Structures are given as structure tokens and as C-alpha cells.
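Novice: Based on what follows, work out the 3D shape:
(2 chains)
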Amino acid sequence: MSSDKTRGGLKSQFRRNLLLGMAALPALSLLPRGALAQATSAVNTTNLAVTDSTVKVGILHSTTGTMAISETGSVEAEKLAIKQINDMGGVLGRKIEVIQEDGASDWPTFAEKSRKLLVEDKVAAVFGCWTSASRKAVLPVFEQYNGMLYYPTFYEGLEQSKNVIYTGQEATQQILAGLDWVSKEKGAKSFFLIGSDYIWPRTSNKIARKHIEKNGQKVVGEEYFPLGHTQFNSVINKIKLTKPDVIYASVVGGSNVAFYKQLKAAGINLSKQTLMTISVTEDEMLGIGGENIAGAYACMKYFQSLDNPNNKAFVEAFKAMWGADSVIGDVTQAAYLGPWLWKATVEKAGSFDVDKIAAASDGIEFKGAPEGYVRIHPNHHLWSKTRVGRARMDGQFDVVFETADLIEPDPFPKGYQ
Amino acid sequence: MKISVRNSAPRRATGELMGVALLALLILIVLPLGLDGFRLNMVGKYLTYAFVALGLVLCWGSAGILSLGQGIFFGLGGYCMAMFLKLEASSPEATKIQSTPGIPDFMDWNQLTELPWFWEPFHSLPFTLLAVVAVPSLLAFIVGLAMFKRRVGGVYFAIITQAFAAILTILIVGQQGYTGGINGITDLRTLNGWDIRTDGAKQVLYFVNAALLIGAVLLCLFVRHSKLGRILVALRDKEDRVRFSGYDVANFKIFVFCFAAALSAVGGAMFTLQVGFMSPSFVGIVPSIEMVIYCAVGGRLSLLGAVYGTLLVNWAKTLLSESFPELWLFAMGALFIGVVMVFPNGLAGLYQQYVAPRLARLFPRAVPRVGEVIPPPTAAE
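Specialist: Below is the predicted model of the structure:
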């Protein structure tokens, strides 16, 4: 606005043109580096919040309520990625501006805030959601208003949307390789499945059970407990009676603390009894305490202790930005991928338009991922490796196994439904 | 007591009707003109809570029965509507990717292979509309019968309703194959073929909702001014005296409790239609208490106050959480403490105390009175 006014005060058309021409001069110096930043009208045909110098994106996680403890890491990772991208010059020459909303651990609030981000703020992309419930709540909103969501959590699969990129693993990616490893390495014949009672553990265990039975092994028990449950004594007794080779755990959130403490108190020594969990990351370890879970195996795609240059740089940058005490779990890393994948897609598409991004996502690679190379599959999930880590006393994991190749994401697995 | 005696009944009624007319003007004309589609839809959502607050004004304000479980009825109404919408969204064509096409997606995820029997009737819209009101009313009737006939009241009743809210949440979360569990029933699309997700549909639903709310306010006013309403106030103030006068106190209490439940359920059904899903997070203890707070902020004795209170609290909630994602819960907490400490009779109390007398001096004849504020004797509080 202010520049319009000063121009209005200029006396002659000639001087105005001259000044404009001079103002354009610095832009010329950019030419050799690969053309002028494209006109906003060309890269944004759908009225998104994109200007000549900025682009708005949304971050939608719970910063209050019971999920805040889990989701804070994701917010931090996304902000780190966005800061790094901005330091490199932004996306298509535009700085990313963040509009953060609080989902407050409440699914309807997630729906309301996602609608606000898409309708009011017209953000070009949203990085957010954590629980399946929150994703289910916002999914119709994203499909209706044609938004783009980058969802970081490992989840149960059975979903695929043009409007979502799933940067975490779907269930088969996370589960099958780990089961095969534990069968081979530990000669496991019998499994006891235990999980929190909601869609993710149930679907995960359904897949695990099919796979176990296909391999001629046995499931000797399958139990679920409400979210927030803290009394695991009865199931621990059952575990003692059935003596499974492997306890397969998908207990989430605060229940974990009670579960592992009670296991220890009941005399189950995790260095002798094999326990494999798909739900304990470094974040949960903070609450559980290394001494209660040391020796257990966790199966997912990322551990903070991964030894590669990308990860070292990532961990260092993360700690520099958010404090030396921060820990980085699987989901935090997956959240970090979101902005980078979006940037790469926008640049490939040459546009911020959601339709073009959705179409261009197929095959997008990110070589700088802390977990190693990742690529987007046509079904909008990521090709990724699966790893097994062994919990240490200090709250970190020793990576003991890693699949040789990237595993194809298969959200609707045939034979596992 | 004296206030109500001093104002002659007909004049008070006119005043209240003018108040209703002002409210109608606000939500039917001013807000739709002043807000864009997104904000209007949000106001529509808030107004569904106002149904619950209205029920509470009668139940708690008039009759002195504090229910901390209104979320149960809001939720049941909402779930009945959601079941119908979900079945419509789960046609065999739309769900052909599932192992069992034709059943809601969450059932398929939970290895159910056929529709449970209690879902079957929800294929029918008339049945659903009936169930929206009937199911919660019936539950309220059973609870009311069990409690009030045994003369359970006051704090004990409040605690028991709270327990019911907790039980129902656990039931819904635990039986996820039948109810959608903690995710709730999501991805609702059409009502009898009419797409409820479009902006046009949202606008229509807003007006239906607003009109229903005005209707509900009028109905509540009618109940209040009837003999029934006066008996309710009487039994709040001196239950024994009413009983000794020959009235069956329990029946009146059961009625007002069922009435509040039915109102909440209508709100719940409208909520589902406007927001597009229903989840157990509207059923439990926390939302139930929040609903009591809406009513308290507005002034629990004033019907119109309850509507304004609901609007104000939710508006503040949205604005604060948008502007201060990290701090907004503290601000909300401060607001509630303020309400209780500084103006216990809520907005309506403030109006009566400060605004109404001034208006009365300025316009001696035509003063709309926003509800009647009869402070109950301290013993009833």
C-alpha cells in the first residue's frame, strides 16, 4: 500500500517508468540462477494464500490436552524444516509463513481448525494431526475444500486420499519385517498380542495375527485395554501362564508407563523375555524410564541413534533449535519430512495448486531424510525401510536390524483384511 | 421473589417476547448478513449447544435439578442422526473397497461382517427423527424415574448423572465395532440424497437450526409461564411444601428432566448435521460440565441469557484459541473463575442489575426484559 502512495506522488510518467525499470534491475541478477521467480498468478490459480514473496501453510497439532506431549515433537520438527527451507530461499522463491492452530486433543476442534485454515486462511498445505481419530475428523474437510495434509504418524492403513500424504508408515510396512526378524532371530513360535483399544492396535494386530498364522506360528493371547488404562496385572498373569516367545505390544500413551513398570515388578525380565513393541519411541521412553524397558525391541522406521550423516545433521539442528535435552522419535522425524516433501513437490509441479501437487507427488524423492532416502508412492504413502531397535537404559535405542530395501507401502493389504 | 410479584405477568411476557424477537433478529438476520459462510457455520455449531443450555435453564434454573450429564442426551441425539447419515454414506457402491461392502467403514475395520440389529431401523429417516427425541427422552425417563421416585436429589443426583456420562463414554469407546469407538462416526455425507457438506446446505441447516432454537425458546417460555412452570419454581424453593400440597413432586421433576433431555438431543442432531460427525468427546463428563458453564455464564435463570452465554463462551473459545494457541486454556479458566466470583447470575444478572434499570428510566414504557431473574434462596444453591 505504502509504495502505491509514493508512486502516486511522482510527477511524471517517465520518472515513474524509469524508477520501475531501476527497481527491476536487481531481479536481473537472479536470471542466471534459473529464471525469475514465477508470477504468482501462474503458480497459484486457486486463490491460495500465496503472494510474490510469501506462502502461508498451516500447522495443526494439539499443543494442549492429553496429546500435547506426543504432538509437540511434531510441531518442533515441522517448524525446524520450515526454518531450514526459508533459510535456503523458501519455496519457488517465497518464504513460508506458518499459521499454527491448536487441535486441543479434541477431534471436533481439529475439524473446526482445519476448516479455518483452508477456508479462512487459504493455506497452501497443512502439516498436522497425530491420532487416527483426528485424521478421520479432518479428512472430509480436506477432501471437501481440496486442501493438502501431510500426516506424520505411523497408522493402521485402510485409507488413501488424494488430499493426504502419509509420511509415517502404514501398518504392514511397520509390522511384517519386524515379525519376520523376530521369528528368525529369536526362533519365536508363539506370540501374545496386547494393545490399547482403538483402531490402530486392533488393525495392527489383525495384520500381525494373519502373518503369524501364515508362518505356521501361534497367537496364544490377544488383549485390549481402554486408552489410559493402568492396571495390567491380570494380563501379565496370563502372559506368565501362556509363556509366549514374544510379547507383541501396541499399548499407547500414558498406559505404557504402567504396563512396563508392572511387567518389571511382576518379575518379567525383558533381557530374557522377548518383547517387541510398535508403539514406544524415544518420546515414550522419557515417561517409561529406560530402566523399566531396557532390553525390549521396538520396530519402526526411525531411531534417533541412526548412524548416517543426514541424521547427525538433523539431530544437531533439532537440538540447537529446541534444546539439548530434546529427544526425537519416529513420528517427529516423519513430521520433519512433510515440509521438505511439499517443497520438492511444489517445485516439481511448478505450482502451489493442490490438484497439481497431488498429481506431482508420485515419485517425489527426499535424499536428505534423516531416516535415509524416501520416495512417495502413487498411493501417497512413503517407501521406507523398517528397523528394529533395542531399548537402552539411557532412553535411546541400539539399531539391531534394518531391512535391505525400501518397503512398498500397501495401505489395503490383500490377505490381511 | 419480590421482583416477580412487582412486575405484572402480562407485561413481563411482552418484555420476554420482545427479547425473543431481538434474538431472532440477531441470529436470523444480523449474523447471516454479517458473517461469511465459515463463521456462520461455526455460529450454527454454537447454537446447537444453546439447546442444551435452554434445557438446563428449566431443569437447573427453574426446578433446581442440576444435571452434569446433559452431554449424554446431546450425544445420543447426535449419534441417532449420525447412524442414519452413516448408513446412507455406506452404500455398497461407496464401500466396495471393504471386505464387507455396505456396512459402515469402522465396522469393517473391526471385523464385523453384518450390520448389528440396532442399526437396521436407522435406514429410515422418519424412524431416525423420532429416535433423535425418543431415545434420549426414554433414557432420561428411566433415570428420572429411578432417582426422583426415591427422592434422590441435589448433589447426589448431579453426581449420578455425571457417572452416567462416564459410563456411556466408556461404552461407546469400548464397543468400537458398533459405535466407531473413540474416532466416532465420521465422514457423513448426505441426508436423503441431499449433500450436507456444501456451503449452500450449511446455510440452509443454519437457518433450520436457528428457527428450531427460536421455537425452543418460545416453548420453554410457554412451559415457564404455565402452571407447571410455577410448580417447578415452587418445588425448587420448598419441595416439601409442594409435596404436602398434594403434588407428586417426582413426576414434575421427571418431566422437566426429560424435557431438557429432548431439547439437548435436538441440539445434538443439528450438531451432527452441521459439523458432519459425532464422537464420544461430546458425551463425557467434560463436555457436560462445559454445557453447564454456558448456562451459568448466561445466567441460569434466564432462557435468553443461556443462548447469549453459549454464544459468548464458544466465541471466546474460538477466538482465544486462534490467537493464542499456547495460552488460550488459561484465558478460558480465568473467564470461568470471573463468572463465578464476580457475577454469579451471569450475563442476565448483569443486565438486570445495571442495564435494565437505566433503560427503564430512559424508556419507562417499552423495556424488553431479558428473562426473569429470581434469585433462589441461598439454601437451594
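Novice: Name the SS class of residue A:302, please.
Specialist: For residue A:302, the assignment made with DSSP: H, G, I helix; E, B strand; the rest coil gives coil.
Novice: Spit out the contact partners of it.
Specialist: A:329, A:330, A:333, A:334, A:370, A:371, A:387 (CB atoms under 8 Å, 6 or more residues apart in numbering or on different chains). In this view, the C-beta of every residue, glycine as well, is placed from N, C-alpha and C.
Novice: okay, now residue A:214: neighbour count?
Specialist: Other residues lying near residue A:214 total 10 when counted by other CB atoms under 10 Å in any protein chain shown.
Novice: same question, residue A:319
Specialist: 14.
Novice: And residue B:90, by the same measure?
Specialist: Neighbours of residue B:90 under the rule other CB under 10 Å: 22.
Novice: follow-up on the earlier one: which ones among the contacts of residue A:302 lie within helices?
Specialist: Secondary structure from DSSP state H places A:330, A:333, A:334 of these in helices.
Novice: quick one: which of the residues you listed is nearest to chain B?
Specialist: Closest approach to chain B among those (CB to the nearest CB): residue A:334, at 20.7 Å.
Novice: OK, contacts around that closest one?
Specialist: A:152, A:153, A:154, A:167, A:168, A:301, A:302.
Novice: What are the phi and psi values at the second one?
Specialist: This means residue A:153. Dihedral angles of residue A:153 (phi, psi; degrees, to the nearest 10) stand at phi -80, psi 150.
Novice: ok, the nearest residue to residue A:85 once chain neighbours are set aside to chain B distance?
Specialist: Leaving aside its sequence neighbours, residue A:85 sits nearest to residue A:343 (CB to CB, 6 or more residues apart in numbering or on different chains; 5.5 Å). The gap separating residue A:343 from chain B is 24 Å, by CB to the nearest CB, to the nearest Å.
Novice: Helix or strand: which one has residue A:343?
Specialist: Using DSSP states H and E, the element containing residue A:343 is helix A:330-349.
Novice: Which other helices and strands does the helix or strand containing residue B:55 contact?
Specialist: Assigned by DSSP H and E, residue B:55 falls within helix B:37-56. Applying 3 or more CB pairs under 8 Å, 6 or more residues apart in numbering or on different chains; DSSP states H and E, we find helix B:37-56 packed against helix A:107-115, helix B:31-34, helix B:70-89, helix B:199-225, helix B:249-275, helix B:285-298, helix B:303-323.
Novice: and among those, the most buried is which?
Specialist: With neighbours defined as mean count of other CB atoms under 10 Å in any protein chain shown, the helices and strands packed on helix B:37-56 peak in mean count at helix B:70-89, which reaches a mean of 28.
Novice: tell me which parts of chain B are close to chain A?
Specialist: B:36-38, B:41-42, B:45, B:97, B:99, B:105-106, B:109-111, B:170, B:173-174, B:176, B:181-184, B:186-189, B:197, B:275-277, B:279, B:281-282, B:318, B:321-322, B:325-326, B:328-329 (CB under 8 Å from any CB of the partner chain).
Novice: if we go to 7 Å?
Specialist: B:38, B:42, B:97, B:99, B:109-111, B:170, B:173-174, B:176, B:181-184, B:186-187, B:197, B:275-277, B:279, B:281, B:321-322, B:325-326, B:329 (CB under 7 Å from any CB of the partner chain).
Novice: Can you tell me which of the contacts of residue A:334 has the largest number of neighbours?
Specialist: residue A:302 (33 neighbours).
Novice: Do you have the helices of the stretch 1-150 of chain A handy? List them.
Specialist: For the stretch 1-150 of chain A, applying DSSP state H, counting those that start in this stretch gives helices covering A:2-9, A:13-28, A:40-43, A:68-87, A:107-115, A:132-144.
Novice: With chain B in mind, check whether stretch A:143-163 reaches it.
Specialist: Yes. Against chain B, stretch A:143-163 shows contacts by CB under 7 Å from any CB at A:144, A:158.
Novice: now that stretch: mean pLDDT?
Specialist: Throughout stretch A:143-163, pLDDT has a mean value of 94.
Novice: returning to what we had before: count of neighbours near the residue nearest to residue A:85?
Specialist: Residue A:343 is flanked by 22 other residues according to other CB under 10 Å.
Novice: How about the one 4 residues further on?
Specialist: Residue A:347 is flanked by 13 other residues according to other CB under 10 Å.
Novice: Please name the residues that touch the nearest residue to it once chain neighbours are set aside.
Specialist: Leaving aside its sequence neighbours, residue A:347 sits nearest to residue A:92 (CB to CB, 6+ apart; 6.5 Å). Shown in contact with residue A:92 (CB atoms under 7 Å, 6 or more residues apart in numbering or on different chains): A:37, A:38, A:43, A:346, A:347.
Novice: cool, and residue B:253?
Specialist: B:63, B:65, B:144, B:148.
Novice: would TSV of the residues you listed with pLDDT be doable?
Specialist: TSV is the format used below for those (pLDDT from 0 to 100):
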residue	pLDDT
B:63	93
B:65	93
B:144	95
B:148	94
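Novice: right, and residue B:345 touches residue B:302 too?
Specialist: No. Taking contacts as CB atoms under 7 Å, residue B:345 lies outside contact range of residue B:302: 8.3 Å.
Novice: Could you count how many residues lie near residue 229?
Specialist: Just so you know, I chose chain A. By other CB under 10 Å, the residues close to residue A:229 number 17.
Novice: Please refer instead to chain B.
Specialist: Neighbour tally, residue B:229, other CB under 10 Å: 18.
Novice: Just want the angle from the one helix or strand it maps to to helix B:199-225.
Specialist: Of the helices and strands defined by DSSP H and E, residue B:229 is found in helix B:227-237. Helix B:227-237 and helix B:199-225 meet at an angle of 70 degrees, taking axes from the mean of the first three to the mean of the last three CA atoms, to 10 degrees as the criterion.
Novice: what comes up buried for helix B:227-237?
Specialist: B:229, B:231, B:232, B:233, B:234, B:235, B:236, B:237 (16 or more other CB atoms under 10 Å in any protein chain shown).
Novice: where does the second one sit relative to chain A, distance-wise?
Specialist: Okay, so that is residue B:231. Using CB to the nearest CB, one gets 38 Å for the distance from residue B:231 to chain A.
Novice: Could you double-check that that residue lies in contact with residue B:243?
Specialist: No. Applying CB under 7 Å, one finds residue B:231 not in contact with residue B:243, separated by 11.0 Å.
Novice: Spit out the contact partners of residue 60.
Specialist: Here I'm looking at chain A. A:101, A:103, A:110, A:113, A:114, A:117, A:126, A:128, A:129.
Novice: That was the other one, I meant chain B.
Specialist: For residue B:60, the contact set (CB under 7 Å, 6+ apart) comprises B:66, B:67, B:295, B:300.
Novice: Kindly recompute the last result at 6 Å.
Specialist: B:66, B:300 (CB atoms under 6 Å, 6 or more residues apart in numbering or on different chains).
Novice: just the one 10 residues further on next, same as before
Specialist: Under the criterion of CB under 6 Å, 6+ apart, the neighbours of residue B:70 are B:52, B:264, B:288, B:291.
Novice: hmm, try it at 7 Å
Specialist: Applying CB under 7 Å, 6+ apart, the residues near residue B:70 are B:52, B:55, B:56, B:260, B:264, B:288, B:291.
Novice: what do you get for residue B:84?
Specialist: Taking CB under 7 Å, 6+ apart as the definition, contacts of residue B:84 comprise B:122, B:125, B:128.
Novice: So for it, what pLDDT did the model give?
Specialist: On the pLDDT scale, residue B:84 gets 96.
Novice: so of the contacts of residue B:84, which ones are in helices?
Specialist: Those of the contacts of residue B:84 lying in helices (DSSP H): B:125, B:128.
Novice: could I get the contacts of residue B:84 as CSV with pLDDT and neighbour count?
Specialist: Shown next, in CSV, are these (pLDDT from 0 to 100; neighbours: other CB atoms under 10 Å in any protein chain shown):
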residue, pLDDT, neighbour count
B:122, 95, 21
B:125, 95, 12
B:128, 96, 20
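Novice: between the contacts of residue B:84, which is nearest residue A:275?
Specialist: Among those, residue B:122 lies closest to residue A:275 (CB to CB), at 43.0 Å.
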